[in-house]
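Visitor: Sharing a model that was predicted from the sequence below.
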Amino acid sequence: MESLDELNKRGITPQLLKIHDDGEKNFVPVMKLDAVSLLRQTVRLKKPNKILEIGTATGFSGISMLSAYENATLYTIEHNESRVKEARKNFEEAGFGDRVNFFVGDVHEIINYVTGEFDFLFFDGPKSHYLEFLNKLRPYLNPGCVLFCDNVLFRGSVSGECDYVRRNRTIVNNMREFLDEMTGGEWDTAVYDIGDGVSISVLK
């Protein structure tokens, strides 16, 4: 039988695999293959018209989402201009240049100017600020909106399986607070121990 990585590669195009492999080689943050497979499946099931992504990098997750549902439009935020340049090229080569809107700069500033309504959020940006971002975006979320977050277990530190260094204390504490908030109240949330930990939440 094929390995799980091999099975998860089946639905991913050669272009996406190259973006993924290049990212790992060049220390650009990219999702693990099992996590991006779950992301794509979640988009297929939700069929969102408008997706907001925090953390473009070079476009691996964004292209994955747009390829999962042909009617989706992506709004994506990234602070690193050189990565955005690479991402633009990758979106164009994938045939999605007309379905993506880039916002380049500090997400803490850009998020204050967000308007419209969103069906799907994807967080893969600054790990200690997920709850802050969500609170600011809450007025723009449609009922049933899905929030998909990557890296929520932060190398096992959030779940307590691994120790963490002092400099990561804020990230770990804030992520624990975020998950605590998301597992009650107006959100239905499931946390999965795949990749570096992902959570999927649905707004009631």
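Guide: Structure's in. What do you need?
Visitor: I'd like to know how far D188 sits from S201.
Guide: Computed as CB to CB, to the nearest Å, the D188 to S201 distance reads 7 Å. Every C-beta, even on glycine, is put in place using the N, C-alpha and C of the backbone.
Visitor: Looking at these two, which is more packed in?
Guide: Remark: of D188 and S201, S201 carries more neighbours, 22 against 13, as counted by other CB atoms under 10 Å.
Visitor: pLDDT score for the more buried one?
Guide: In this model, S201 is scored at 97, pLDDT.
Visitor: so is it in a helix, a strand, or just coil?
Guide: strand (DSSP: H, G, I helix; E, B strand; the rest coil).
Visitor: need the helix or strand of this structure with the lowest average pLDDT.
Guide: helix 4-9 (a mean of 72; mean pLDDT, DSSP states H and E).
Visitor: Can you show me the CA trace of the next helix or strand after that one as PDB?
Guide: Using DSSP states H and E, the helix or strand that follows helix 4-9 towards the C-terminus is helix 14-25. The C-alpha trace of helix 14-25 is given here as PDB (Å, rounded to 0.1, in the frame of the first residue of the first chain):
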ATOM      1  CA  PRO A  14       2.500  18.900 -10.400                       C
ATOM      2  CA  GLN A  15       2.600  22.700 -10.100                       C
ATOM      3  CA  LEU A  16       1.300  22.500  -6.500                       C
ATOM      4  CA  LEU A  17       3.800  19.800  -5.600                       C
ATOM      5  CA  LYS A  18       6.600  21.900  -6.900                       C
ATOM      6  CA  ILE A  19       5.400  25.000  -4.900                       C
ATOM      7  CA  HIS A  20       5.300  22.700  -1.800                       C
ATOM      8  CA  ASP A  21       8.700  21.200  -2.400                       C
ATOM      9  CA  ASP A  22      10.300  24.500  -3.200                       C
ATOM     10  CA  GLY A  23       8.800  26.000  -0.100                       C
ATOM     11  CA  GLU A  24      10.200  23.300   2.100                       C
ATOM     12  CA  LYS A  25      13.700  23.600   0.500                       C
END
